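A.B. asks: take this sequence and fold it.
(one chain, ligands or ions: 1)
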Amino acid sequence: MSEFPHVLPTYNRAPLAFERGEGVWAIAQDGTRYLDMGAGIAVNALGHANPDLVAALTEQAGKIWHVSNLYKIPQQEKLADLLVENTFADTVFFTNSGTEAAELAIKMARKYWDHEGQPERVEILTFEGAFHGRSTGAIAAAGSEKMVKGFGPLMPGFRQLPFGDMDALRAAISDRTCAVMIEPIQGEGGIRPLPDADLKEIRALCDQTGALLILDEVQCGMGRTGRLFAHEWAGIAPDIMMVAKGIGGGFPLGAVLATQKAASGMVAGTHGSTYGGNPLGCAVGARVMEIVADPDFLAGVSRKGALMRQKLEGLVAAHPDVFESVRGQGLMLGLKCRIAPGDLVKAGYDAQILTVAAADNVLRLLPPLTITDEEIAEAVDRLDKAAGALDG
Ligand SMILES: *Cc1c(COP(=O)(O)O)cnc(C)c1O
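C.D. replies: The predicted model follows:
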């Protein structure tokens, strides 16, 4: 037998394996209970083993798992109805991941211009620090050195601009631009929110030039910021939006939402997926939507986000050598660090708390949206312990 890892070693994994979960708690094989402030990177939006989601999944599992998009799928139609009723969108296509949502968003925007008789209109403007997934299209879109090196030739037709540099965008956008693609809050890039005024101006620039606005809400959407989708804070709407992570509550599920106009090129036969929109994923996704789209639930996320932020400000003040500042919105928060955030992630394991590092020296906190006030206080105590181990 070869000595090479049987699981392709593209991840530097922590030596932890979890056997089960309960709400915000992930329980390791040795029984140790970890407070999970990463939630599988914003995926377990309603916590581990949420009884409502377990019921939705097991009920569907006893009926039918897979049928193919050759047939009508009522669970898919129900979830699409919920998404259309609660957002700007007229139509939805389901995927299994954020990456697949990025692929379709790119294809849909280019197909729109082809359909409009302007097939040369292919350039998509994207932003440095962005993350849209790991397919060849998504890495070309984000363009980060780490993600693209050695994988060339890259798909042409993307231009990266500095994140938040509105002068650069004003200069780059024209009536030859296909689309602008951006995360309202960069996740992997380090919890970097785009000011509402910038998002409004991007919408206006797209309206003036005809360019389509594609928002990547894979990480910041599904209630994470205290609104169902983060762009709602700016009072604007995209033409196309990518969703994934939280929408399945842990079941692999993604979606592209679009206006009728933006989707007009995607006629029968232009796109498809074997598993996308399968009954299992959509049964769970519909339950997630019913819970998260409730205004009271979203108000709770905002309130708890403000509470956590206030406590984190105190943590920053208590450990000025470790932390610099707090940023983000709702329960999508980042601690800008003065030390390598990976060291804090490791110290967190000793304090039985799970966090996630991001670019720009940021430690990410993306707990289940169901976290309680007491659990927020406990998380900050454990972070205090982890930071204390690294003080000085
Ligand atoms: C995670 C993520 C993706 C990719 O999603 P996968 O499900 O990992 O393919 C795309 N965009 C953003 C903003 C993400 O956070």
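A.B. asks: what is the burial count for the residue lying closest to Ala293 once chain neighbours are set aside?
C.D. replies: Nearest residue to Ala293 in three dimensions, chain neighbours excluded: Asn86, at 4.8 Å (C-beta to C-beta, 6 or more residues apart in numbering). C-betas here are computed from N, CA, C, even on glycine. For Asn86, the count of nearby residues is 13 (other C-beta atoms under 10 Å).
A.B. asks: wait, does the lowest-mean-pLDDT helix or strand in the chain contact the ligand?
C.D. replies: Lowest by mean pLDDT, DSSP states H and E among the helices and strands of the chain is helix 145-148, with a mean of 91. No. Judged by C-beta under 6 Å from any ligand atom, helix 145-148 and the ligand are separated, with a smallest distance of 11.4 Å.
A.B. asks: show me where the stretch 251-392 of the chain has helices.
C.D. replies: In the stretch 251-392 of the chain, the helices defined using DSSP state H, counting those that start in this stretch lie at 279-292, 295-318, 341-350, 373-388.
A.B. asks: in the stretch 51-200 of the chain, which residue sits nearest the ligand?
C.D. replies: With C-beta to the nearest ligand atom, the shortest gap between the stretch 51-200 of the chain and the ligand falls at Gly98, namely 2.2 Å.
A.B. asks: can you give me the neighbour number for Thr91?
C.D. replies: Counted by other C-beta under 10 Å, the residues lying close to Thr91 total 16.
A.B. asks: do you know how far it is from Phe158?
C.D. replies: Thr91 sits 25 Å away from Phe158, going by C-beta to C-beta, to the nearest Å.
A.B. asks: again with Gly276
C.D. replies: Distance from Gly276 to Phe158, by C-beta to C-beta: 24 Å.
A.B. asks: same question, Ala109
C.D. replies: In terms of C-beta to C-beta, Ala109 sits 11 Å off from Phe158.
A.B. asks: CA atoms only: put the helix or strand Gln75 falls within into PDB for me.
C.D. replies: Using DSSP states H and E, Gln75 sits in helix 74-86. C-alpha atoms of helix 74-86 as PDB (Å, rounded to 0.1, in the frame of the first residue of the first chain):
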ATOM      1  CA  PRO A  74     -42.300  19.300  -5.900                       C
ATOM      2  CA  GLN A  75     -39.800  19.900  -3.100                       C
ATOM      3  CA  GLN A  76     -37.700  21.900  -5.600                       C
ATOM      4  CA  GLU A  77     -40.800  23.900  -6.700                       C
ATOM      5  CA  LYS A  78     -41.700  24.600  -3.000                       C
ATOM      6  CA  LEU A  79     -38.200  26.000  -2.300                       C
ATOM      7  CA  ALA A  80     -38.200  28.000  -5.500                       C
ATOM      8  CA  ASP A  81     -41.500  29.500  -4.500                       C
ATOM      9  CA  LEU A  82     -40.200  30.500  -1.100                       C
ATOM     10  CA  LEU A  83     -37.100  32.100  -2.600                       C
ATOM     11  CA  VAL A  84     -39.000  34.000  -5.200                       C
ATOM     12  CA  GLU A  85     -41.600  35.200  -2.600                       C
ATOM     13  CA  ASN A  86     -38.900  36.500  -0.300                       C
END
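A.B. asks: name the residues contacting each of Ala109 and Phe158.
C.D. replies: Here Ala109 and Phe158 have Ile124 as joint contacts, going by C-beta atoms under 8 Å, 6 or more residues apart in numbering.
A.B. asks: can you give me the strands in the stretch 101-250 of the chain?
C.D. replies: Secondary structure of the stretch 101-250 of the chain by DSSP state E, counting those that start in this stretch: the strands cover 123-127, 158-161, 177-182, 185-186, 192-193, 212-216, 240-243.
A.B. asks: want to throw the ones you listed into JSON lines with mean neighbour count and distance to His115?
C.D. replies: As requested, the strands of the stretch 101-250 of the chain are exported to JSON lines (neighbours: other C-beta atoms under 10 Å; distance: least, C-beta to C-beta, whole Å):
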{"stretch": "strand 123-127", "mean neighbour count": "23", "distance to His115": "16"}
{"stretch": "strand 158-161", "mean neighbour count": "18", "distance to His115": "21"}
{"stretch": "strand 177-182", "mean neighbour count": "25", "distance to His115": "12"}
{"stretch": "strand 185-186", "mean neighbour count": "26", "distance to His115": "31"}
{"stretch": "strand 192-193", "mean neighbour count": "22", "distance to His115": "34"}
{"stretch": "strand 212-216", "mean neighbour count": "28", "distance to His115": "12"}
{"stretch": "strand 240-243", "mean neighbour count": "28", "distance to His115": "14"}
